[in-house]
Each structure stands twice: as C-alpha cells, then as structure tokens.
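Trainee: Below are the sequence and a predicted model for it; my questions follow.
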Amino acid sequence: MSSPMPTLRKIPERAFFCFFMVFTFFGGFEYIFFSRFYVAPSEEALLWIFATNISVLLGWLLWALFGQASIFQVSDRRSEMVIKPGWGINCILITSLFLCGLYFYLYYEGFSFTKKIFGDGVSESERPDVSGALPHFYSYSILVTSFLIPCLVNYFAIYFKRKGLKNIQALSLIFISLIFSISLGNKSIPLIIIFYCLFFVGGDGLFKKSLLFFVMFFTVYLFYKSYEFEGSVLEYFLEALISVYRRVVVINTSAMGVAFDELILVNEKVPHGFSHINQYLFYLIYDYPVGGAPLPIGAEVVYYLGIGAWSLFLVSFIFFFFFLLRAVILKNTHSSALHANQFLFFYGAIILATASIDSFIMRSLLPMLIIAIASKIRLIK
C-alpha cells in the first residue's frame, strides 16, 4: 500500500540547499586544487564566488531557523488529495497535451531523440534549444516543462495513491511525461521527473529509491551521450562519470568565474549581438555563440545590482522566495493540484541554483500562479 503524500512542511526547501551545494559550491574546490575543465576563474573571482554562495546559503539558513514560525506556516491539510481535480486543472492538462502533441507531430523530424531512434548522429550543438532549428521551440519547452509535465505528475500522484505502480494509468502518465521531457534534448528534465516521483511521491525505502535513481540517472545520461564517445565499455562509463562531474558540479563555477572576471569585477556589460548574459558566458567558455551557460542566482544578482547591494539582497531574497512560494502560492492551491505546484517549486529551486531569474519567473513562478488560480475553478452544477 502506498504511503501518504508528503505534507507541505516537506516541500523542496531542503532540495534547494542540496542542489545549490552540488551545483555551485563544490565546483569551487575543482579550481582550487585542479583547474582541469572549462575556463578557470581568477583567485579574486573564486573569493567572490564563495562569498556569493555563502550569502545564498545564509538566506536559506535563516529560513530554516525562522521560517518554521507559525506566521509562515501553511495549513498542513494532512494531504488527502482530492481524487477528481477541478475543471481548471483538467483544462490546463488537455490544452497543453494537445498543443505539445501537435507541435511534436509537425516537427518530429527535427528533434534530437527522434534522429537517434532513426540512427542519425546528433551533436550537442544540433540540439533544438541550442541550434534554434525548430520554430517556437522556447514556447514549446515552457508548455512541456511548466504545464504539461506538472499536470501529468499531479495525476500520477493521484493514481499512485490509489494502487501504487500497479495502476497502469500511473505508469502511462510517467511514460508520457518522460517522452515529452526527452524531446527537449535536455538531460535534466527527465531526471527531475524521476527524482520528484521517487522521493516526493513514492513510498518508503530511501536506500532503494536512491539506488534506483542512480541507475536511472546513468541510463538517461548514457542515452544522451551515446553519440559522443566510442571505445570500450569501461572507458565509456568512466567518460560518462567525468562528464557528469563536469556538467553538474564544475560548469556553474566556471560560468560564475567568467561572469566575475569578464563583467562584474571590470564593470563591463554584455556586448551587443548577444541576447542575454547566459549566451555571452557560453561564448566565452566554448568559443561559439549558440547556447547558454548556467548562471546561478547569486552571480546574476551581483551582475545586475552591483557588488555593494549583493549580500543583503541575496539573503533577503532567498528568505522571501521560500515565504512567497510556501505561504502565498501553495497555500492558495487547491489540494487536487498540489503536486503540480510542488513539482514547479522543486523545479524552480533547481532553476535558481543553475539558471537565471527570468527563467525562474517564466518556468516556475508564473506557471505556479496560473495553476493555483486554475485549481480553484470548478464547474457549478
């Protein structure tokens, strides 16, 4: 029998801390002791990176200490999810599924994973989100990550609560969400779905879930990397481990270092010809302009506000970020759509640790508000 859904006290604030430490903090030690990958930050940039990260963690620590006060608490609701979601959330699911399915049908030949299925080689630079080969791909990606997948995960939680994984409807929903997430060509989205469903929806057994996630993580990762390496199985596996380390732990620190060295510390702005700071950083690291390097929230705040105001803003922003999401948005989300917004909360925390504020607003905050409002809409009989 499946265990009850996590209460609102267990929404992913702790996940933000864990992912932030992995994605941004530990990468600094690579450049202190080794400096083997990407563009190494200067010593001054490394000091600012650690200071910025410590400010973000201080904001999280203040929330961990004081955010449990009664004035910040949401009603627990003990998590008996409504079995029949309202008309509003159903409408979002049907509309997003129809639009995403239609887009995939019209442009399926341009997706990286369909090319792999048909046996065509695909390089990293040919991904639709990098190359821009597919029209309106950005809009499609937002529909998939911020509306379709959260709704599918929400329904998965409902069906899982009934019969666990024996329910064919639950498995079908996860299968559909994984297919659409893989179509984006981004390794992180399928892994976010798997992680959330295992640790926030699934039952007990931390060791088993962690082992299963590790296996599924490498299955997904090796699928994406299959076109980039040729050699023995052992060499292939070791290359995959190093690649995971580079892409998960090191790249964020390199991007932060480049931002400090090339922009912030020398008081420069992104040159004309680049649409945003992430694209410019990508160009400085990889030496070609198509793509976007991750820039965690700390460095982005320093870039836009300046060094003088960074620490106070970061501490207060992180504190009120959790207050806004927990005590305002989630409190006003109908229980039938709670997992959809908890998934977006989880996804948004990862975006803040690895991407940009505007991406967080477009892919997490605004969709959460829309789903919260839609969850209250119910047809009058």
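Mentor: Arrived safely.
Trainee: just checking, next helix/strand downstream of the lengthiest helix in the chain?
Mentor: In the chain, assigned by DSSP state H, the helix with the most residues is helix 43-66. Next along the chain after helix 43-66, taking DSSP states H and E as the criterion, comes helix 87-107.
Trainee: What is that next one packed up against?
Mentor: helix 137-143, helix 149-163, helix 168-183, helix 366-375 (3 or more C-beta pairs under 8 Å, 6 or more residues apart in numbering; DSSP states H and E). For the C-beta atoms, the positions are set from N, CA and C on the backbone; glycine is no exception.
Trainee: okay, the angle between the last one and helix 149-163?
Mentor: Using axes from the mean of the first three to the mean of the last three C-alpha atoms, to 10 degrees, the direction of helix 366-375 lies 50 degrees away from that of helix 149-163.
Trainee: Let me have helix 366-375 in CSV, keeping just the CA atoms, if that works.
Mentor: Once non-C-alpha atoms are left out, helix 366-375 reads as follows in CSV (Å, rounded to 0.1, in the frame of the first residue of the first chain):
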residue,chain,number,x,y,z
LEU,A,366,4.1,32.4,-13.3
PRO,A,367,3.0,28.7,-14.0
MET,A,368,2.5,28.2,-10.3
LEU,A,369,0.3,31.3,-10.1
ILE,A,370,-1.7,30.1,-13.1
ILE,A,371,-2.1,26.6,-11.7
ALA,A,372,-3.1,27.9,-8.3
ILE,A,373,-5.8,30.1,-9.8
ALA,A,374,-7.0,27.3,-12.2
SER,A,375,-7.2,24.8,-9.4
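Trainee: Can you name the residues in contact with that helix?
Mentor: If you take C-beta atoms under 8 Å, 6 or more residues apart in numbering as the criterion, helix 366-375 is touched by 85-86, 88-89, 91-92, 142, 146-147, 150-151, 325, 329-330, 332-334, 336-337, 340-341, 344-345, 348.
Trainee: Now the buried members of those.
Mentor: Buried by 16 or more other C-beta atoms under 10 Å: 85-86, 88-89, 92, 142, 146-147, 150-151, 325, 329-330, 333-334, 336-337, 340-341, 344-345, 348, out of the contacts of helix 366-375.
Trainee: Nearest residue to Ser359 in space, please, no chain neighbours.
Mentor: Computed as C-beta to C-beta, 6 or more residues apart in numbering, the closest residue to Ser359 that is not its neighbour in sequence is Ile351, at 5.5 Å.
Trainee: Next, the contact list for the one you found, please.
Mentor: Residues in contact with Ile351 (C-beta under 8 Å, 6+ apart) are Ser359, Phe360, Arg363, Ser364.
Trainee: rerun that using 6 Å as the cut-off
Mentor: Shown in contact with Ile351 (C-beta atoms under 6 Å, 6 or more residues apart in numbering): Ser359, Phe360, Ser364.
Trainee: element containing the second one?
Mentor: By that I understand Phe360. For Phe360, the host element (DSSP H and E) is helix 357-360.
Trainee: burial of Leu295, as a residue count?
Mentor: Residues lying near Leu295 (other C-beta atoms under 10 Å) number 26.
Trainee: I am assuming it contacts Thr253, so please confirm or correct that.
Mentor: No. The pair Leu295 / Thr253 is not scored as a contact, 11.0 Å apart, by C-beta atoms under 6 Å.
Trainee: what do those two both touch?
Mentor: Contact with both Leu295 and Thr253 is made by no residue, according to C-beta under 6 Å, 6+ apart.
Trainee: hang on, the earlier thing: quick one: residues in contact with the longest helix of the chain.
Mentor: With contacts defined as C-beta under 6 Å, 6+ apart, helix 43-66 is touched by 17, 24-25, 28, 256-257, 260-261, 298, 311, 314-315, 318-319, 322.
Trainee: Pull the most distant pair out of those residues.
Mentor: Within those, Asp261 and Phe322 form the most distant pair, 31.2 Å apart (C-beta to C-beta).
Trainee: Leu241: neighbour count?
Mentor: By other C-beta under 10 Å, the residues close to Leu241 number 12.
Trainee: State the next helix or strand along the chain beyond the helix or strand harbouring it.
Mentor: Element membership of Leu241, judged by DSSP H and E, is helix 233-245. Note on helix 233-245: by DSSP H and E, the next helix or strand toward the C-terminus is helix 251-259.
Trainee: pLDDT (mean, whole number) over the helix or strand following that next one?
Mentor: Downstream of helix 251-259, the first helix or strand assigned by DSSP H and E is helix 277-286. The average pLDDT for helix 277-286 rounds to 86.
Trainee: And for stretch 180-191?
Mentor: On average, stretch 180-191 scores 83.
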